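*Asks:* mind folding the following:
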Amino acid sequence: MKSNNFLIVTALSILITGFSSCQGDFLDENPKSFIAPTNFYKTEADANAALVAVYNGLRAIYSQDITFVGDMAGEQTFPGVSNSNVDRSNIDAFQFEPSNTILLGNWNNNYVVINRANAVLDRVPAIDMPAASKDVILAEARFLRAFSYFNLVRTFGGVPLRLAEATPLHLKRSTADEVYAVILDDLKQAEAKLPAVQPAANLGRATKGAASSLLAYVYLTKKDWTNAAAKAQEVIDNKGAYGYGLYPTPADVWKIANENKLEHIFSIQFQSGPEGFGSAYAQFYLSRTANVIQASGISGFGQNLVEDKFWKSFDVNDTRRDASILSRFVDPKTNKVYQYPSTDLTELSIFKYFDPAPYARSNNNNNYPILRYADVLLIKAEALNELNGPTADAYDAINQIRKRAGVNMTLLSGLTQVQFRAAVLQERSFEFCFESKRYFDLIRTEQLVPIMTAAGKNPQPKNLLFPIPQKEIDTNQEINQEDQNPGY
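*Replies:* Model prediction:
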């Protein structure tokens, strides 16, 4: 179930996004009336509308930008045989350059969220409203700002830090450590004020558990194993209060009726309807040779397809394979069976985001998962192994995931620390495939070059970061070509 309050985007909530640079037409009976900071941030309703605009900015990031970075720069997918987009192909081939428009979109859209969050953090404190409600709104804004900076710093390294609505247009790159310091501070403040569970009207918004889970993930990325393990354990210890757990089967995770429940800690919210706030994944990821599965009859784009080698790497008993990848289906009209590989089904489609309802393409009902309870368990397993080797608690955490998937039930005992590290990385590959995590996992574990080289790609040491977009270098007077990431 999704929240109408969360999903409704009004002219009000969109226009407030440009307060620092322009004014917008309020579209009321007085054509001379405008939305500006001085006449908008007056009430609790205004504060909530401004916060909704911050959340809305996430859709642009997760409509395509981050998925090409997180997935296509890995060995699980490729752009598709019918792909004509050079920027996608270059990311897949590790030939991306500063002019790549996907990277520019990723940069710009994350800063849209940051700028909107800054406006909330600067303006909402002055509103006369209940202190408790104000605290939660500010905490959510901090969570969202931290989340976007986490996207940026993992992709580009150090980036300009915009921490106030009135920030100079031109800013130097801060160091990655400086960016991480802001992320951690924002998340700690958010964690202290966010509710354990959001009210039904705000379903899908950040919670205390989401902040704690993201903190664990940030600590893991920084290789702060002690804090990563402790924060993951904190979430696990409070799973009853937060309502967290694992669904019985991997297929249950992807049922639209199960969104924002149990395993889903934080997701990007999409909802089909006349407003056009649905996701494009079902259509975008569908192979052109699997079109008949669509009740709408609309053809798929086939632009981010699954690699055959990845599909074959699953254990035959691993139920995550068929829950994640479309390799067999029955034509609902003719009952004809389509089975990969065959002349009828020559390509493998991502299936996690398939919506069987006959909506218009690019307007489907699938949320995009950012944090799941499975993340917390595997963060714990990885961090504990790095601290003390494969302990009983580390085995238990990873085996909960494997048991749910139906593979071997347990790992063999007696793994070395190095072997267990590889097992966790492989488990993350199966569990989080097509969730924009693979590239970042390979970077964090220092496995990008060896694994992608073995997959037939040609990654270079410079590819441990993406290049700063050329447009930012051209327009930001405080960033020069000398500030570009090495090798670009």
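
*Asks:* just the pLDDT for the nearest residue to residue 151 once chain neighbours are set aside.
*Replies:* Using CB to CB, 6 or more residues apart in numbering and skipping the chain neighbours, the partner closest in space to residue 151 is residue 110 (5.2 Å). Backbone N, C-alpha and C define where each C-beta goes, glycine included. Residue 110 carries a pLDDT score of 96 in this model.

*Asks:* go ahead and confirm residue 110 touches residue 153.
*Replies:* No - counting by CB atoms under 8 Å, residue 110 does not reach residue 153; the two are 10.0 Å apart.

*Asks:* the two - which one has more neighbours?
*Replies:* Using other CB atoms under 10 Å, the more surrounded residue of residue 110 and residue 153 is residue 110, with 26 against 23.

*Asks:* what comes up buried for the helix or strand hosting the more buried one?
*Replies:* Per DSSP states H and E, residue 110 falls inside helix 101-123. By 16 or more other CB atoms under 10 Å, the buried positions in helix 101-123 come out as 102-107, 109-123.

*Asks:* which other residues reach stretch 108-123?
*Replies:* 16-17, 19-20, 37, 41, 47, 50-51, 53-54, 57-58, 60-61, 65, 137-138, 141-142, 144-145, 147-149, 151-152, 162-167 (CB atoms under 8 Å, 6 or more residues apart in numbering).

*Asks:* what's the burial count for residue 380?
*Replies:* 26.

*Asks:* my read: it touches residue 393, true?
*Replies:* Yes - with contacts counted by CB under 8 Å, residue 380 reaches residue 393, the gap being 7.3 Å.

*Asks:* how close does residue 225 sit to residue 387?
*Replies:* Separation of residue 225 from residue 387 (CB to CB, to the nearest Å): 5 Å.

*Asks:* more neighbours, the two?
*Replies:* residue 225 (17 against 14).

*Asks:* what residues are up against the more buried one?
*Replies:* 219, 383, 384, 386, 387.

*Asks:* confirm the last one sits in a helix?
*Replies:* Right, the one you point to is residue 387. Yes - applying DSSP: H, G, I helix; E, B strand; the rest coil, one finds residue 387 inside a helix.

*Asks:* who's in contact with it?
*Replies:* Residue 387 makes contact with 225, 226, 229 under the criterion CB under 8 Å, 6+ apart.

*Asks:* sort out which one of these lies nearest residue 214 for me.
*Replies:* Distances from residue 214 to the contacts of residue 387, taken as CB to CB, are shortest for residue 229 (15.3 Å).

*Asks:* these two touch, right, the closest one and residue 381?
*Replies:* No - assessed by CB under 8 Å, residue 229 is found out of contact with residue 381, at 9.2 Å.

*Asks:* and those two? which has more neighbours close in?
*Replies:* Using other CB under 10 Å as the criterion, residue 229 and residue 381 rank with residue 381 on top: 30 against 26.

*Asks:* would you say the more buried one is within a strand?
*Replies:* No - using three-state DSSP, the assignment for residue 381 is helix, not a strand.

*Asks:* show me the helices in the stretch 201-350 of the chain, by range?
*Replies:* Remark: helices assigned in the stretch 201-350 of the chain by DSSP state H, counting those that start in this stretch are 208-221, 225-237, 239-242, 250-253, 281-285, 308-312, 320-324.

*Asks:* can you put the ones you listed in TSV and add distance to residue 85 and mean pLDDT?
*Replies:* Putting the helices of the stretch 201-350 of the chain into TSV (distance: least, CB to CB, whole Å; pLDDT from 0 to 100) gives the following:
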stretch	distance to residue 85	mean pLDDT
helix 208-221	29	98
helix 225-237	36	98
helix 239-242	40	97
helix 250-253	29	97
helix 281-285	12	81
helix 308-312	21	96
helix 320-324	23	96
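
*Asks:* what's the per-residue pLDDT of the closest residue to residue 267 other than its chain neighbours here?
*Replies:* Nearest non-adjacent residue to residue 267, counting by CB to CB, 6+ apart: residue 367, 4.0 Å away. Listed pLDDT for residue 367 reads 92.

*Asks:* contacting residues around residue 381?
*Replies:* Residue 381 neighbours (CB under 8 Å, 6+ apart): 394, 395, 397, 398, 424, 427.

*Asks:* residue 472 too?
*Replies:* 104, 107, 479.

*Asks:* what strand or helix carries it?
*Replies:* helix 470-475.

*Asks:* what's the mean pLDDT across that helix?
*Replies:* On average, helix 470-475 scores 96.

*Asks:* among the contacts of residue 381, which one sits closest to residue 315?
*Replies:* residue 427 (11.4 Å).

*Asks:* the strand or helix carrying that closest one packs against which elements?
*Replies:* Using DSSP H and E, residue 427 sits in helix 417-431. Judged by 3 or more CB pairs under 8 Å, 6 or more residues apart in numbering; DSSP states H and E, the packing partners of helix 417-431 are helix 320-324, helix 373-388, helix 392-405, helix 438-444.

*Asks:* okay, these, which one's buried deepest?
*Replies:* Of all the helices and strands packed on helix 417-431, helix 373-388 has the most neighbours on average by mean count of other CB atoms under 10 Å, namely a mean of 24.

*Asks:* can you tell me which two in the contacts of residue 225 are farthest apart?
*Replies:* Checking those with CB to CB, the most distant pair is 219 and 384, at 12.8 Å.

*Asks:* mind showing which ranges of this structure have poor pLDDT?
*Replies:* Counting by pLDDT under 70, the ranges of the chain that qualify are 1-39, 81-83, 274-276, 291-299, 357-362, 409-410.

*Asks:* what is the neighbour count of residue 74?
*Replies:* By other CB under 10 Å, neighbour count at residue 74 equals 26.

*Asks:* just residue 346 next, same as before
*Replies:* With other CB under 10 Å as criterion, residue 346 counts 13.

*Asks:* likewise for residue 315?
*Replies:* Neighbours of residue 315 (other CB under 10 Å): 14.

*Asks:* residues contacting it?
*Replies:* So residue 315 contacts 407, 408 (CB under 8 Å, 6+ apart).

*Asks:* now it: phi and psi?
*Replies:* Note on residue 315: backbone dihedrals following degrees, to the nearest 10 are phi -60, psi 140.

*Asks:* and it, how far from residue 321?
*Replies:* From residue 315 over to residue 321 the distance is 8 Å, taken as CB to CB.

*Asks:* for residue 147, same thing?
*Replies:* Per CB to CB, residue 147 is found 30 Å from residue 321.

*Asks:* equivalent analysis for residue 244, please.
*Replies:* Relative to residue 321, residue 244 is positioned 25 Å away (CB to CB).

*Asks:* what of residue 371?
*Replies:* 23 Å.

*Asks:* ok, now residue 98?
*Replies:* From residue 98 to residue 321 the distance is 37 Å (CB to CB).

*Asks:* sorry, back to before: buried sites along the helix holding residue 427?
*Replies:* In terms of neighbour count (16+ other CB under 10 Å), helix 417-431 has its buried residues at 420, 421, 423, 424, 425, 427, 428, 429, 430, 431.
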